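Trainee: sequence first, then the predicted structure, then my questions.
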Amino acid sequence: MNISNLKFDKKHIWHPYSSMIHPLPTYQINYAYSYKLVLNNGRKLIDGMSSWWSAIHGYNHPVINKALKKQINYMSHVMFGGITHIPAIKLCKNLIKITPGNLDCVFLADSGSISIEVAIKMALQYWYSLKISKNKFIALYHGYHGDTFGAMSVSDPHNSMHRIYRNYLSNQLFIDISKCRFHDNWVNDTNDLDNLVKLNHHNVAAIILEPIVQGAGGMYFYHPQYLVHIRKLCNEYKILLIADEIATGFGRTGKLFACNHAKIVPDILCIGKALTGGTMTLAATITNRKIANIISNNDIKCLMHGPTFMGNPLACVAANASLNLLNQYDWKKCIFMINKQLKKDLFPLRNHEMVQDVRILGAIGVVETKYRVNVANIQRWFINYGVWIRPFNKLIYIVPPYIIKQSALKILTKAIKKSLNINNNFIIP
Ligand SMILES: Cc1ncc(COP(=O)(O)O)c(C=O)c1O
């Protein structure tokens, strides 16, 4: 390792959720390919994270690289105000084709959080145009929608640190999620939600949720019928439904979009992360023609958002290449095989004394532990084992690239199993 680089990093560079006084260790990655990350000292790690759900085809993919190199020779970026280009047009055509239902008006945003801000604006502007005062959002406890202020306001009050920002954040309405899990028989436990909606619908612009999988807020998989129920409630009480598929989109749960498990169509859909196969930052907020027309038909006559790097051509070609790849190989079979292996290797850990629960859906494997992990210790332990897994709170989870080999996946699950036997990996009271 080059110590001076790491020293500089530690002293001067913020990492996600990091401290400038006591930062968690960082590891220098020099190269990544397929499902492997290569450390500065040449050691190869098997990747269990897909760089937070994004690198679904693995790293350094020749098809995406080729598309990026070709595009660089034309233009890396050009403003989107008053200008359009083929990469964006192709991408939006693609997205309209593959996203659920009649969603056909696409806003290209620069990150997942920004796509949520745009979704919130779409919902607010929709009701503004109709001259109906609806300014609140219903959101779910343990939901996570990003780190910008609108997104934080609809994220779980604990995880999004509402406490710190309480004088600044908008107050939204929160409700516990259904206790009925994805694989359970459906039992309707929506009374509290129904009552909240009945009491507040006059003021509620939209319900926002992560369909089927609550990610960063707890890695919980809920029953598709819950989503069906919420869709009906939204129709009945004239509330928009915003589906945040930023983590779940593009196959991760076994369906192309998690909404497809419930066969529902949201009014506004947010996608990001795997959109570019994890190569560039890009997200999108997509709504239907009716909502888009209403938004566009008020005194302002437009949707009030327009980032500098909107529709970045490089990001669009990466997304097009990634979507083409999804068409070219049998990603459903990959997810099926990963799912089977995860079940075989991780379900038996339910009996381990350190384990609270094991949850598996699509290519997502979650081991919930009884104690919080010591992130620095368990991360170091995993690296020594030769894998890249980054747990948080009581959650050791993997979302590997779809192209991971069975033998490599076995090493990941074995690493999880062995990590449970090391007390130092946990904060045991
Ligand atoms: C469900 C969900 N929504 C929104 C976001 C925010 O996306 P980004 O980190 O690209 O801003 C994330 C990121 O983890 C997410 O998982």
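Mentor: Arrived safely. Numbers count the residues shown, from 1 in each chain.
Trainee: going by C-alpha atoms from here, please, whenever you check contacts or count neighbours.
Mentor: Will do.
Trainee: low-scoring stretches of the chain, by residue?
Mentor: Where the chain drops to pLDDT under 70, the residues are 1-3.
Trainee: list the contacts for the residue nearest in space to the middle of it?
Mentor: Centroid-nearest residue in the chain: Ala247, 2.1 Å away (criterion: CA atoms, centre = their mean). By CA atoms under 8 Å, 6 or more residues apart in numbering, the contact set of Ala247 is Trp53, Ser54, Gly215, Ile271, Gly272, Lys273, Ala274.
Trainee: test my guess that the first one contacts Ala274.
Mentor: So the one you mean is Trp53. Yes - look at Trp53 against Ala274 with CA atoms under 8 Å: they come within range, at 6.5 Å.
Trainee: what is the burial count for the closest residue to Leu173 other than its chain neighbours?
Mentor: Spatial nearest neighbour of Leu173, chain neighbours left out: Ile138 (4.7 Å); criterion: CA to CA, 6 or more residues apart in numbering. Neighbourhood size, Ile138 [other CA atoms under 10 Å]: 23.
Trainee: looking at this, Ile138 is in a strand?
Mentor: Yes - judged by DSSP: H, G, I helix; E, B strand; the rest coil, Ile138 forms part of a strand.
Trainee: how close does it get to Gly112?
Mentor: Going from Ile138 to Gly112 by CA to CA, to the nearest Å gives 19 Å.
Trainee: just Ile64 next, same as before
Mentor: 20 Å.
Trainee: check Arg390 too.
Mentor: With CA to CA as the criterion, Arg390 and Gly112 are 20 Å apart.
Trainee: which one's more surrounded, the two?
Mentor: Gly112 (27 against 20).
Trainee: show me what contacts the more buried one?
Mentor: His145, Gly146, Ile246, Cys270, Ile271, Gly272, Lys273, Leu282, Ala283, Ala284.
Trainee: wait, the third one sits on Lys273?
Mentor: Yes - contact status for Ile246 versus Lys273: in contact at 5.9 Å, counting by CA under 8 Å.
Trainee: hey, what's in contact with both of these two?
Mentor: The contact lists of Ile246 and Lys273 share Gly112, Ala283, where a contact means CA under 8 Å, 6+ apart.
Trainee: out of those two, which sits in the busier spot?
Mentor: Neighbour count, other CA under 10 Å: between Ile246 and Lys273, Ile246 has more, with 30 against 27.
Trainee: A strand includes the more buried one, no?
Mentor: No - Ile246 sits outside any strand when classified using three-state DSSP, being coil.
Trainee: so what's it closest to, chain neighbours aside?
Mentor: Ile271 (4.2 Å).
Trainee: repeat for Ala123
Mentor: That would be Ala205: by CA to CA, 6+ apart, it lies 6.0 Å from Ala123.
Trainee: per the record, what domains does the protein have?
Mentor: As recorded under automatic domain parsing, the domains making up the chain are 3-61+330-427, 74-328.
Trainee: nearest to the ligand, of these?
Mentor: Proximity to the ligand (CA to the nearest ligand atom) singles out domain 74-328 among those, at 3.3 Å.
Trainee: any part of the closest one near the ligand?
Mentor: Yes - residues of domain 74-328 contacting the ligand under CA under 6 Å from any ligand atom: 111-113, 144-146, 210, 215-216, 244, 246-247, 273.
Trainee: cool, stretch 52-59 as well?
Mentor: No - for a cut-off given as CA under 6 Å from any ligand atom, stretch 52-59 has no contacts with the ligand; the smallest distance is 6.8 Å.
Trainee: which outside residues touch that stretch?
Mentor: 32-36, 50, 247, 273-279, 322, 399-404.
Trainee: please redo it, this time with the cut-off set to 7 Å
Mentor: For stretch 52-59, the surrounding residues in contact (CA atoms under 7 Å, 6 or more residues apart in numbering) are 32-35, 50, 247, 273-274, 277-278, 399, 401-403.
Trainee: pull the distance from it to the chain's centre.
Mentor: How far stretch 52-59 lies from its chain's middle: 12 Å, per CA atoms, centre = their mean, to the nearest Å.
Trainee: before we move on, what about stretch 412-429?
Mentor: 25 Å.
Trainee: still on that earlier bit, what about the contacts of Ala247, which are in strands?
Mentor: When DSSP state E is applied, the contacts of Ala247 are split such that Ile271 fall in strands.
Trainee: tell me the one of the contacts of Ala247 nearest Leu342?
Mentor: Trp53 (16.4 Å; CA to CA).
Trainee: which of Trp53 and Ala274 has more neighbours?
Mentor: Shown here are Trp53 and Ala274; by other CA under 10 Å, Ala274 has more neighbours (30 against 23).
Trainee: how about the more buried one: what's its closest non-neighbour residue?
Mentor: Ser54 (3.9 Å).
Trainee: how many residues are close by the one you found?
Mentor: 29.
Trainee: any idea how far it lies from Lys136?
Mentor: From Ser54 over to Lys136 (counting by CA to CA), the distance is 31 Å.
Trainee: Ser296 now?
Mentor: Computed as CA to CA, the Ser296 to Lys136 distance reads 21 Å.
Trainee: tell me which of these two has more neighbours.
Mentor: Lys136 (22 against 18).
Trainee: my guess is the more buried one contacts Asn203. True?
Mentor: Yes - applying CA atoms under 7 Å as the test, Lys136 and Asn203 come out as touching, 5.9 Å apart.
Trainee: in CSV, list the C-alpha atoms belonging to the helix ranked longest in the chain.
Mentor: Secondary structure of the chain per DSSP state H: the longest helix is helix 112-129. The C-alpha trace of helix 112-129 is given here as CSV (Å, rounded to 0.1, in the frame of the first residue of the first chain):
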residue,chain,number,x,y,z
GLY,A,112,-30.8,8.4,-7.3
SER,A,113,-31.4,11.1,-4.7
ILE,A,114,-32.0,13.7,-7.3
SER,A,115,-34.5,11.5,-9.1
ILE,A,116,-36.4,11.4,-5.8
GLU,A,117,-36.3,15.2,-5.6
VAL,A,118,-37.7,15.3,-9.1
ALA,A,119,-40.4,12.8,-8.2
ILE,A,120,-41.4,14.9,-5.2
LYS,A,121,-41.5,18.0,-7.4
MET,A,122,-43.6,16.1,-10.0
ALA,A,123,-46.2,15.2,-7.3
LEU,A,124,-46.3,18.7,-5.8
GLN,A,125,-46.5,20.3,-9.2
TYR,A,126,-49.3,17.9,-10.3
TRP,A,127,-51.5,19.1,-7.4
TYR,A,128,-50.4,22.7,-7.8
SER,A,129,-51.6,22.6,-11.5
